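[1] I'll drop the sequence and a predicted model, then ask my questions.
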Amino acid sequence: MLTPDDLRQLADLVAPERAFLTVYLDHGDDPSVLESRFSRIRSLLADQPAELEHFDQSLALARQLLESNTPPADGALAIFSSWGADLARAFPLPVPVGTRAWMGDAPFVRPVYELLDEHDTFAVAVVDSTRARVFLVTAEGGSQEASVRGDLKNKVKKGGWSQKRYARRREKEMEGYATDIASALKDLRDESGFSRLVLLGADETVLAVRDALPTDLLDVLVATESAATDGAEAELTAQAAALAEDAEREGERQLWEEIREQGLSGALSAFGPTFVLAALTTARAEAILLDREVEIAGTKCRACESVVHGTPETCQTCGSSDVFRIDLAEHLTEQAARTGATVDFADPFDALTEAGGVAALLRY
Ligand SMILES: [Zn+2]
């Protein structure tokens, strides 16, 4: 599976001309369906001999990878090749992303970015007073990573002094147990870097664990909910996945609210492709909200490598007419990866569409 580190390395690659071939092949699609796409790219590049050579040579590299790799069941294969940049890598992806081939000035990473955004790894702790199970849920599925035993005794019916002493002792035990669970979660976070946490189970234990969480874990806690802890793993992780999904949508709404608030006070926000591009080019963007369906045209100059929103016939920086069209939504995603800005892919909504499909929160 492609890791965020791999992605960052791929996003760092960029050329002044179209020198990168990207191929996505979904499981179940015959690789021959790519041939018509390859022919189309060839004819589009017919008047650019240098780029045509980049394509033919990069295609030869991609073909070798297509022969030696197959998409995983229910997933897809991503291939990035560039003869000029000495790149030839194949990655299995856990879900289909749409079979396609693309030739551009950089590896085409947006489908994988979107996939990682939507399938962020999250942890689920299923807790009650006798035991805690911790599952890690990735795009590939869930697996149990830790188990903590509590075995706290349930209340016994006694009155007076012994009842109070019993209650105090149980409270202490609960605290200790909750701390053990929090510590297991912390270890797992250090190891796997999960980005969201969901707590499920018996309310009393859920609350105790929440109280025991250190700040960095509280920051990634997106939901707590009652659940029958003897349930099947698949049911519990599905319940947690639905909560994490809601949290993702809520996060997008919050990001939009924050961008809008900043926009109202005329400060740290940018709306629309032109301004978001400018902010990203100077590494000022912190978080991007991008309509997952938007298509934005851009133009890049082969002479000075400057990129603009829109489709001018000549470069607005150096005046050269040696320019080519680029997919600006893809360029914005790559530029975000290069400068450490996050990208949230949102379903289209009116206000974002009016803003041109993209908006950003700025660092300064
Ligand atoms: Zn130029």
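    Noted; the coordinates are in hand.
[2] Quick check: the closest residue to Ala208 other than its chain neighbours vs the ion, distance?
    Leaving aside its sequence neighbours, Ala208 sits nearest to Ala178 (CB to CB, 6 or more residues apart in numbering; 3.9 Å). Bear in mind the C-beta positions are built from the backbone N, C-alpha and C, glycine included. Distance, Ala178 to the ion, using CB to the ion, to the nearest Å: 61 Å.
[3] Now do the buried residues in stretch 57-75.
    57-59, 61-63, 65-66, 71, 75 (16 or more other CB atoms under 10 Å).
[4] which among these gets closest to the ion?
    Each of the buried residues of stretch 57-75 was scored against the ion by CB to the ion, and Ser58 proved nearest at 24.4 Å.
[5] Dihedrals phi and psi, the closest one?
    phi -70, psi -30 (degrees, to the nearest 10).
[6] Just say helix, strand or coil for the closest residue to it other than its chain neighbours.
    In this structure, Ser58 finds its nearest non-sequential neighbour in Leu21, 4.1 Å apart by CB to CB, 6+ apart. Recorded secondary structure, Leu21: strand (DSSP: H, G, I helix; E, B strand; the rest coil).
[7] wouldn't Leu21 be in contact with Met103 here?
    Yes. Between Leu21 and Met103 a contact is recorded at 5.4 Å, counting by CB atoms under 8 Å.
[8] the more surrounded of the two?
    Leu21 (29 against 25; other CB atoms under 10 Å).
[9] Next, work out how far apart the more buried one and the ion are.
    When Leu21 is compared with the ion (using CB to the ion), they lie 24 Å apart.
[10] closest point of the stretch 51-200 of the chain to the ion, which residue?
    Nearest residue of the stretch 51-200 of the chain to the ion, counting by CB to the ion: Asp105, 13.3 Å away.
[11] which residue packs closest to that residue, ignoring adjacent ones?
    Closest residue in space to Asp105, ignoring its immediate chain neighbours: Ala15 at 5.2 Å, by CB to CB, 6+ apart.
[12] just checking, that neighbour touches Ala85?
    Yes. Contact criterion CB under 8 Å: Ala15 and Ala85 qualify, at 6.8 Å.
[13] Okay, and Ser36 sits in which element?
    Taking DSSP states H and E as the definition, one finds Ser36 inside helix 34-44.
[14] elements contacting that helix?
    Here helix 34-44 touches helix 49-68, strand 100-104, going by 3 or more CB pairs under 8 Å, 6 or more residues apart in numbering; DSSP states H and E.
[15] So what's the model's average confidence on it?
    What helix 34-44 shows for mean pLDDT is 95.
[16] That one versus strand 100-104: what angle between them?
    Per axes from the mean of the first three to the mean of the last three CA atoms, to 10 degrees, the angle that helix 34-44 makes with strand 100-104 is 30 degrees.
[17] Give me the buried positions along helix 34-44.
    By neighbour count on 16+ other CB under 10 Å, the buried set for helix 34-44 is 34, 38, 41, 44.
[18] for these, which one is nearest the ion?
    For the buried residues of helix 34-44, the nearest to the ion is Leu44 (21.2 Å; CB to the ion).
[19] Now do the contacts for the closest one.
    When contacts are counted by CB atoms under 8 Å, 6 or more residues apart in numbering, Leu44 touches Met103.
[20] before we move on, the earlier item: show me the beta-bridge partners of the residue nearest to Ser58.
    Beta-bridge pairing for Leu21 (DSSP bridges): Ser81, Met103.
[21] for it, what are its contacts?
    Residues near Leu21 by CB under 8 Å, 6+ apart: 55, 58-59, 61-62, 79-82, 101-103.
[22] Quick check, pLDDT for the residue nearest the centre of the chain.
    The residue lying closest to the centre of the chain (CA atoms, centre = their mean) is Asp117, at 2.2 Å. We have a pLDDT of 79 for Asp117.
[23] can you list contacts of stretch 174-194?
    120-123, 125, 127, 129, 132, 134, 136, 145-146, 148, 150, 152, 197, 204-205, 208-209, 211-214, 216-217, 220.
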